[in-house]
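Novice: Fold the following.
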Amino acid sequence: MMKKLLLLIFVIALFFAYGIYEQVNKKTIKSKRLTCQEKTTTFEKISNKEKIKEAIELLKSQNIEIISDIEYSKIMKSVLINYYSKNELQKEVSEVLSLYFTSNKDSKKKLEIDYYIYENDKEDKGKKNKKAKLYAGYLVFEFKINKKQIYKIQTDYMKQDGSDIKNRIECVFKSFISIK
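Specialist: You can find the predicted model right below:
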């Protein structure tokens, strides 16, 4: 009887220890998978893990459609507009993307990469706190197949002139390609 009681207590203790371990090691939306994600605030969401491999293959085989935009600040005078254009953005994205091309197999399916840059409007009265005014802006990239989101990532850039945007674009694609 005593052995059964000790075994029961041990099993219960093991159960609680496992639960605590899982909570401590649980990944959050703020968890960083890559070191480049630690350089600025970065959030990512894997919406459809089953389609990730297919999406990566579509990217590598150059079966992509790209939609891009820049939203310059509206309330404060835009700084970014003097240094960074939509053409410059598209050129930098194309340069980074080309590093991941491994073949040129035509497919009916396409990976849609929908992205934009938002310049932080520091004079916007809706900013919640001073921290919200520290970054220069952010990039949002959505990866979709058949209009359904597979992966989304948002990462801040810090330099007003946008000189660190290409580095953040590199991090976006490195993050996407590295998903297992």
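
Novice: Can you tell me the SS state at His151?
Specialist: Quick fix: residue 151 is Tyr, not His. What DSSP: H, G, I helix; E, B strand; the rest coil gives for Tyr151 is strand.

Novice: Let's see the pLDDT reported for it.
Specialist: Looking at Tyr151, its pLDDT reads 97.

Novice: Now it: closest residue in space that isn't a chain neighbour?
Specialist: Phe143 (4.4 Å; C-beta to C-beta, 6 or more residues apart in numbering). Any C-beta I mention is one placed from the backbone N, CA and C, and that applies to glycine too.

Novice: Tell me how many other residues crowd that neighbour.
Specialist: 28 (other C-beta atoms under 10 Å).

Novice: Could you grab the helix/strand/coil label for it?
Specialist: Phe143 is classified as strand under three-state DSSP.

Novice: That one against Phe176, yeah?
Specialist: Yes: counting by C-beta atoms under 8 Å, Phe143 does reach Phe176; the two are 6.2 Å apart.

Novice: quick one: contacts for the most centrally placed residue in the chain?
Specialist: Geometric centre of the chain, nearest residue: Ile153, 2.1 Å, by C-alpha atoms, centre = their mean. The neighbours of Ile153, taking C-beta atoms under 8 Å, 6 or more residues apart in numbering as the test, are 42-45, 140-141, 172, 175-176.

Novice: Any figure for the gap between it and Ser103?
Specialist: The gap separating Ile153 from Ser103 is 24 Å, by C-beta to C-beta, to the nearest Å.

Novice: dump the residue contacts of the closest residue to Ile81 other than its chain neighbours.
Specialist: What sits nearest to Ile81 in space, not counting adjacent residues and going by C-beta to C-beta, 6+ apart, is Tyr72, at 4.9 Å. For Tyr72, the contact set (C-beta under 8 Å, 6+ apart) comprises 78, 80-81, 119.

Novice: distance of Tyr72 from Lys122?
Specialist: Per C-beta to C-beta, Tyr72 is found 13 Å from Lys122.

Novice: go on, Leu97?
Specialist: Look at Leu97 and Lys122: by C-beta to C-beta, they are 31 Å apart.

Novice: With Glu57 instead?
Specialist: To Lys122, Glu57 is 41 Å away according to C-beta to C-beta.

Novice: Quick one: mean pLDDT over the biggest helix by length in the chain.
Specialist: Longest among the helix segments of the chain by residue count, using DSSP state H, is helix 2-24. For helix 2-24, mean pLDDT rounds to 74.

Novice: mind listing what's buried in the next helix-or-strand element following it?
Specialist: Note on helix 2-24: by DSSP states H and E, the next helix or strand toward the C-terminus is strand 42-46. Across strand 42-46, burial judged by 16 or more other C-beta atoms under 10 Å covers 42, 44.
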